[in-house]
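Peer 1: Build me a model from this:
(one chain, ligands or ions: 1)
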Amino acid sequence: MSGSNELIPVPDGEFTFTWSEFREIAALIHGEAGIVLSEGKVNLVYSRLAKRLRAIGLRSFREYCELLKSKSGNDERQAMISAITTNVTRFFRESHHFDFLRESVFPSLVSRARSGERVRLWSAGCSSGEEPYSIAMTLLAMMPDALSHDILILATDIDPEMIKRGKAATYTQSQAAGIPDEFRAIGLEKGRGGPDVRISECVRALIRFNELNLLGAWPMKGQFDVIFCRNVVIYFDEETQDEIWGRFAGMMPDGAFLCIGHSERVPVDRHPFELVAQTAYRKRGN
Ligand SMILES: C[S@@+](CC[C@H](N)C(=O)[O-])C[C@H]1O[C@@H](n2cnc3c(N)ncnc32)[C@H](O)[C@@H]1O
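Peer 2: Numbering: from 1, shown residues only. From the prediction side, this is the model:
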């Protein structure tokens, strides 16, 4: 392990950064967001947080650590987490999950909704909204009358900026290029000029965006028939991942589905899930 007050040889040297400051920051981020930052991430941490130091006019990481620890450091702790999180996402990313929804999940959810049951889906760690919008487009293409039934998709993320972008529902043409042709008519506003596209009103109406830290309290009351939590827990340690899988299980009825990222796994020996498709799990009954 690198020595505490040893200076880190950062690329531009604009701000001094020591290993003990790196470890203080890593501990704070782990405590607040569950994200593990190994020493190998030091250049990433430096370059992302150097922007914060410039933005708020600080001269050193020492000053930054003092601010983060102080009572007035609340907003900056949030800004730091936003700066550190990786928000990469795409419409219809890992498209096998949308095929799985269409073929194996939605047929029964649609008939349950049509018979008056409540149906809830959750995109946990939704980033800028492409994931929940892809779920909503897949659903609406199968069930154009979805809005007249009790169906909602909750979309949450720790990063308020991502929630703002999700609510804005406006994307560049190149971001929207990932939306397959079959969903464009239902998914995008028509007749909109300019360089951007906007998600159609009927797709937007199916989604509720909210800020939520997966490590904190979950104020939602009801259960979820489908949870997407993809490429989020990959940044957490195993213990935190286990805690999240256990809490998801507690929010799902037997037979509900959990879709996770391509490099993630749910340990089915410790949690009541069975793998039913590529990175898609079904909650087992007891
Ligand atoms: C790589 S993106 C994945 C987005 C989307 N699920 C996908 O697969 O395309 C990871 C998202 O998880 C969010 N995140 C990280 N830690 C979180 C936490 N503790 N609680 C809630 N969201 C978190 C980040 O802000 C980021 O938007």
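
Peer 1: hey, where'd the strands end up in this structure?
Peer 2: Secondary structure of the chain by DSSP state E: the strands cover 119-124, 151-157, 170-172, 196-198, 207-211, 226-229, 257-260, 273-277, 280-283.

Peer 1: close enough to count as contact, residue 28 and residue 77?
Peer 2: Yes - using C-beta atoms under 8 Å, residue 28 and residue 77 qualify as a contacting pair, with a distance of 6.8 Å. (Each C-beta comes from the backbone N, C-alpha and C, glycine too.)

Peer 1: Give the residues shared as contacts by those two.
Peer 2: With contacts defined as C-beta atoms under 8 Å, 6 or more residues apart in numbering, the residues adjacent to both residue 28 and residue 77 are residue 68.

Peer 1: hmm, back to that, output the strands of the chain as TSV; include the columns mean pLDDT, mean neighbour count and distance to the ligand.
Peer 2: Compiled in TSV, the strands of the chain are given as follows (pLDDT from 0 to 100; neighbours: other C-beta atoms under 10 Å; distance: least, C-beta to the nearest ligand atom, whole Å):
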stretch	mean pLDDT	mean neighbour count	distance to the ligand
strand 119-124	98	24	7
strand 151-157	98	24	5
strand 170-172	97	16	13
strand 196-198	95	17	18
strand 207-211	98	17	9
strand 226-229	98	25	7
strand 257-260	98	25	9
strand 273-277	98	15	16
strand 280-283	98	22	14
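
Peer 1: Of the ones you listed, give the one that comes closest to residue 19.
Peer 2: For the strands of the chain, proximity to residue 19 was assessed by C-beta to C-beta; strand 151-157 is nearest, at 30.5 Å.

Peer 1: With adjacent residues omitted, what lies nearest to residue 223?
Peer 2: residue 253 (5.2 Å; C-beta to C-beta, 6 or more residues apart in numbering).

Peer 1: Could you do residue 282 as well?
Peer 2: Once flanking residues are discounted, residue 282 sits nearest to residue 276: 4.6 Å by C-beta to C-beta, 6+ apart.

Peer 1: re earlier: how much space between the residue nearest to residue 223 and residue 142?
Peer 2: Residue 253 sits at a distance of 21 Å from residue 142 (criterion: C-beta to C-beta, to the nearest Å).

Peer 1: Which one of these two is surrounded by more residues?
Peer 2: More neighbours surround residue 142 than the other of residue 253 and residue 142, with 14 against 11 (other C-beta atoms under 10 Å).

Peer 1: Kindly confirm whether my reading is correct that that one touches residue 103.
Peer 2: No - here residue 142 does not reach residue 103: they are 10.3 Å apart, not a contact under C-beta under 8 Å.

Peer 1: how about the nearest residue to residue 246, chain neighbours excluded?
Peer 2: residue 271 (6.4 Å).

Peer 1: er, residue 77 actually
Peer 2: Of all residues not flanking residue 77 in the chain, residue 68 sits nearest, at 5.7 Å (C-beta to C-beta, 6+ apart).

Peer 1: What residues does the spatially most central residue of the chain make contact with?
Peer 2: Central residue of the chain (C-alpha atoms, centre = their mean): residue 125, 1.5 Å from the mean position. Contact partners of residue 125, counting by C-beta under 8 Å, 6+ apart, are 156-158, 214, 229-232.

Peer 1: the domain parsing of this protein - what is it?
Peer 2: Domain assignment of the chain by automatic domain parsing yields the ranges 19-84, 96-283.

Peer 1: any idea of the mean pLDDT for the first one?
Peer 2: What domain 19-84 shows for mean pLDDT is 95.

Peer 1: again with stretch 230-247
Peer 2: Along stretch 230-247, the predicted confidence averages to a pLDDT of 97.

Peer 1: Those residues of the stretch 51-200 of the chain touching the ligand, which are they?
Peer 2: Residues of the stretch 51-200 of the chain lying close to the ligand (C-beta under 6 Å from any ligand atom) are 85-89, 93, 125-127, 131, 157-159, 162.
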